[in-house]
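Novice: 3D, please:
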Amino acid sequence: MIVVSDTTALTNLFQIGEMHILKEVFGEIVIPEAVYRELGEIPDQLESIDSQDWINVQKVIGTDLVEMLKMHLDEGESEAIALALEIGSDFLVIDEWKGRRKAAEMGLQVIGLIGILSLAKRKGIISAVRPILDKMIEMTGFRILPALYRNALQNIGE
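Specialist: Numbers count the residues shown, from 1 in each chain. Predicted structure coming up:
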């Protein structure tokens with residue numbers, strides 16, 4: 001399975017000590033160089049990313065597409081979408097609404113943190129989603145609409 005990730009999932013899970021969930025759900029993650037640079041904005045995060053053999057940094061070839069996407073999205077999201085298209089990814093991990101919408105319009109299968117946590121619970125990797133979501137909200141400032149929070153938990157039986 002080929003999975004490309006934007007910054008949000010990696011950085012939020014890193015900050016709460018749960019980055020292993022991504023490895024256990026997907027096995028391997030590919031990130032573009034812009035996401036790698038964004039991850040370096042939090043102390044110790046880049047060192048941790050560099051020590052993970054399941055996270056691979058890959059250069060985006062289609063710079064014209066990146067430039068077009070950057071008119072509406074940030075650089076990390078733009079490169080993640082372009083890379084996902086270039087390498088034929090099975091999933092693009094992205095949470096920001098505008099990026100998700102654009103990626104879906106371009107034919108990419110998107111998944112966000114809530115979807116990843118739901119998969120992790122179904123696979124028995126985690127026992128509950130609520131404590132992880134609550135920890136992200138409290139520790140990282142992860143934002144989620146209250147209705148989405150309630151619906152997500154209801155859909156997974158919490």
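Novice: residues near residue 108, how many?
Specialist: Residues near residue 108, counting by other Cβ atoms under 10 Å, number 21. For glycine as for every other residue, the C-beta is placed from the backbone atoms N, C-alpha and C.
Novice: skip the chain neighbours and tell me the closest residue to it.
Specialist: Distances taken as Cβ to Cβ, 6 or more residues apart in numbering place residue 92 nearest to residue 108, at 4.7 Å, with adjacent residues excluded.
Novice: and for residue 75?
Specialist: Of all residues not flanking residue 75 in the chain, residue 34 sits nearest, at 4.3 Å (Cβ to Cβ, 6+ apart).
Novice: which residues touch the one you found?
Specialist: Residues near residue 34 by Cβ atoms under 8 Å, 6 or more residues apart in numbering: 60, 75, 76, 78, 79, 80.
Novice: the third one: helix or strand, and which one exactly?
Specialist: Using DSSP states H and E, residue 76 sits in helix 75-87.
Novice: show me what that helix is packed against.
Specialist: With contacts defined as 3 or more Cβ pairs under 8 Å, 6 or more residues apart in numbering; DSSP states H and E, helix 75-87 has these neighbours: strand 3-5, strand 29-32, helix 33-39, helix 63-69, strand 91-93, helix 97-105.
Novice: please work out the average pLDDT along it.
Specialist: Across helix 75-87, pLDDT averages out at 97.
Novice: picking up where we left off before, my guess is the residue nearest to residue 108 meets residue 103, correct?
Specialist: Yes. With contacts counted by Cβ atoms under 8 Å, residue 92 reaches residue 103, the gap being 5.2 Å.
Novice: need the residues touching each of those two.
Specialist: 81, 84, 110.
Novice: how near is the second one to residue 155?
Specialist: So the one you mean is residue 84. Computed as Cβ to Cβ, to the nearest Å, the residue 84 to residue 155 distance reads 25 Å.
Novice: who has more neighbours, the two?
Specialist: residue 84 (29 against 11).
Novice: next, the contact list for that one, please.
Specialist: 4, 92, 103, 108.
Novice: also residue 16?
Specialist: If you count contacts by Cβ under 8 Å, 6+ apart, then residue 16 has 132, 135, 136, 139, 140 around it.
Novice: can you give me the buried ones in the helix or strand where the first one lies?
Specialist: For residue 132, the enclosing helix or strand under DSSP H and E is helix 130-140. Using 16 or more other Cβ atoms under 10 Å as the burial criterion, the residues of helix 130-140 that qualify are 132, 133, 135, 136, 140.
Novice: same deal with stretch 59-70?
Specialist: Buried residues in stretch 59-70 (16+ other Cβ under 10 Å): 60, 65, 66, 69.
Novice: understood, closing this out.
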